[in-house]
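Peer 1: just the structure for this:
(one chain, ligands or ions: 2)
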Amino acid sequence: MIQRYQTNRMANARGDPWGRYAHRVTTLDLRALRLRPGEVRKETLDVELEPFVLGGMRYEATPATVPAELEISQASGATVFDLRLRAHLSGACMRCLGFAELEPEIVAREFYDPDAPASDELHSDYVVRDHLQVSTWARDAIALELPDQILCRPECAGLCPTCGKDLNVEPHEHQERELDPRWAALEGIRDEL
Ligand SMILES: [Zn+2]
Ligand SMILES: [Zn+2]
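Peer 2: Ligands and ions are numbered 1, 2, ... in the order given. Model (predicted):
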């Protein structure tokens, strides 16, 4: 039995050249695959997900390691990779700072032809020195799937801009005079005229 994939500690090549935040990266060794045309190979890999930071907020994957289904097939000179995984992320609602969670489901495809030029669609950026960077790919695919705003629920009322109270718990409005003391001062002047 050939060891086709490995999980090892290495630096995130993008953004962390010094390896200070070294983490576990799952890669698939393509040299060991030896696929015949038409053959389909299925692998289940454990992918470790680092927390995602969005709009200054941190969203943890729980569990941090998720199983990813990888299907590998050979089509007219190129290798086709199909990735499927489901993650669970949780963190703060971007409107009310309450608990928010989401379950991004990923279906992604990459093509790889070792002879394709770098600009070509068949040149996957996730294949580095004959290794498919499953962790990096999975992470990017999840990031693409995340909404612009992560909310506790779609109709979250957010925090009151005046007093900061949670408008979901305590729906209220403020009188305009209360809202801005300068208006009160102006009204005082008007009364004097
Ligand atoms: Zn909310
Ligand atoms: Zn208020």
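Peer 1: and the lengthiest strand in the chain, how far from the chain's centre?
Peer 2: Longest strand in the chain, counting residues (DSSP state E): strand 65-75. The chain centroid and the centroid of strand 65-75 are separated by 18 Å, computed with CA atoms, centre = their mean, to the nearest Å.
Peer 1: starting from that strand, tell me which strands it pairs with and how they run.
Peer 2: Paired strands of strand 65-75, with direction, are strand 40-48 (antiparallel), strand 78-86 (antiparallel) (DSSP bridges).
Peer 1: hey, which of the ones you listed is tucked in deepest?
Peer 2: Compared across the strands paired with strand 65-75, strand 78-86 shows the largest average neighbour count, a mean of 19 (mean count of other CB atoms under 10 Å). C-beta here means a position set from N, CA and C on the backbone, and glycine is covered the same way.
Peer 1: can you pull up the most central residue in this protein?
Peer 2: Relative to the mean C-alpha position of the chain, the nearest C-alpha, by CA atoms, centre = their mean, is the one of residue 143, at 2.8 Å.
Peer 1: which SS state does it fall under?
Peer 2: What DSSP: H, G, I helix; E, B strand; the rest coil gives for residue 143 is helix.
Peer 1: tell me the residues of the protein that contact ligand 2?
Peer 2: 160, 162, 163 (CB under 5 Å from the ion).
Peer 1: verify the stated contact: the last one with residue 170.
Peer 2: No. Applying CB atoms under 8 Å as the test, residue 163 and residue 170 come out as separate, 9.4 Å apart.
Peer 1: neighbours of residue 73, how many?
Peer 2: Neighbours of residue 73 under the rule other CB atoms under 10 Å: 16.
Peer 1: residues of this structure that sit close to ligand 1?
Peer 2: Counting by CB under 5 Å from the ion, the chain comes close to ligand 1 at 93, 95, 96, 98, 152, 156.
Peer 1: just curious, which of these is nearest to ligand 2?
Peer 2: residue 96 (12.7 Å; CB to the ion).
Peer 1: pretty sure the closest one sits against residue 153.
Peer 2: No. The pair residue 96 / residue 153 is not scored as a contact, 9.5 Å apart, by CB under 8 Å.
Peer 1: neighbour count for these two, which is higher?
Peer 2: Of the pair residue 96 and residue 153, residue 96 is the one with more neighbours under other CB under 10 Å, namely 20 against 12.
Peer 1: spit out the contact partners of the more buried one.
Peer 2: By CB atoms under 8 Å, 6 or more residues apart in numbering, residue 96 lies in contact with 152, 156, 157, 158, 159, 166, 167, 168.
Peer 1: nothing else from me, thank you.
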